[in-house]
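Asker: Have a look at this prediction, sequence included:
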Amino acid sequence: MASVDDVRSRCLALPGVTERLSWQQPAWFARSLMARMWDDGVLTVKTEEREGLAGTDPETFFWTAHHDRSPLLVLVRLDKLDADELQELLLESYRIAGPVPPTG
């Protein structure tokens with residue numbers, strides 16, 4: 001079972017990711033929004049597999065009408081995820097959000 005603290009530590013371990021509030025909820029940004037707490041225990045991430053995830057595991061993955069216009073966003077119930085699943089989702093979302101390029 002994943003927690004907000006797990007999300008925070010994994011997001012902030014990625015190069016260039018920052019945290020700030022979005023809609024009064026903790027959110028993590030690379031070049032764009034990468035992840036955001038939607039509600040207690042529910043995380044928003046970006047994925048190219050939204051339909052497949054929600055189709056095979058609707059107890060864990062879903063979206064609301066608010067997310068219909070953003071087909072890369074999916075809501076995830078954190079209490080249904082293990083550490084490896086959380087990491088995989090966050091890495092994909094980071095890739096889609098546009099990792100910050102290295103400086104130098």
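Answerer: Perfect, thanks for sending it. Note that the structure is predicted; figures quoted are calculated from it, not measured.
Asker: how about low-confidence regions in the chain?
Answerer: Regions of the chain meeting the criterion pLDDT under 70 cover residues 100-104.
Asker: Kindly list the longest helix within it.
Answerer: Ranked by residue count, the top helix of the chain under DSSP state H comes out as helix 83-97.
Asker: Pull out the buried positions in the strand or helix carrying residue 51.
Answerer: Under the criterion DSSP states H and E, the helix or strand holding residue 51 is helix 50-56. Residues 50, 53-54 are the ones in helix 50-56 that count as buried (16 or more other CB atoms under 10 Å). Quick note: C-beta positions are derived from backbone N, CA and C, even for glycine.
Asker: Show me what it is in contact with.
Answerer: Contacts with helix 50-56, where a contact means CB atoms under 8 Å, 6 or more residues apart in numbering, come from 47, 60-63, 71-74.
Asker: Taking those residues, tell me the two that lie furthest apart.
Answerer: By the measure CB to CB, the contacts of helix 50-56 have their two most distant members at 60 and 71, which lie 18.2 Å apart.
Asker: Mind jotting down where the strands sit in this structure?
Answerer: Along the chain, counting by DSSP state E, strands occupy 18-22, 25-29, 33-39, 42-46, 61-62, 73-77.
Asker: What are the buried residues along the longest helix of the chain?
Answerer: Within helix 83-97, the residues that qualify as buried by neighbour count (16+ other CB under 10 Å) are 86, 89-90, 92-94, 96-97.
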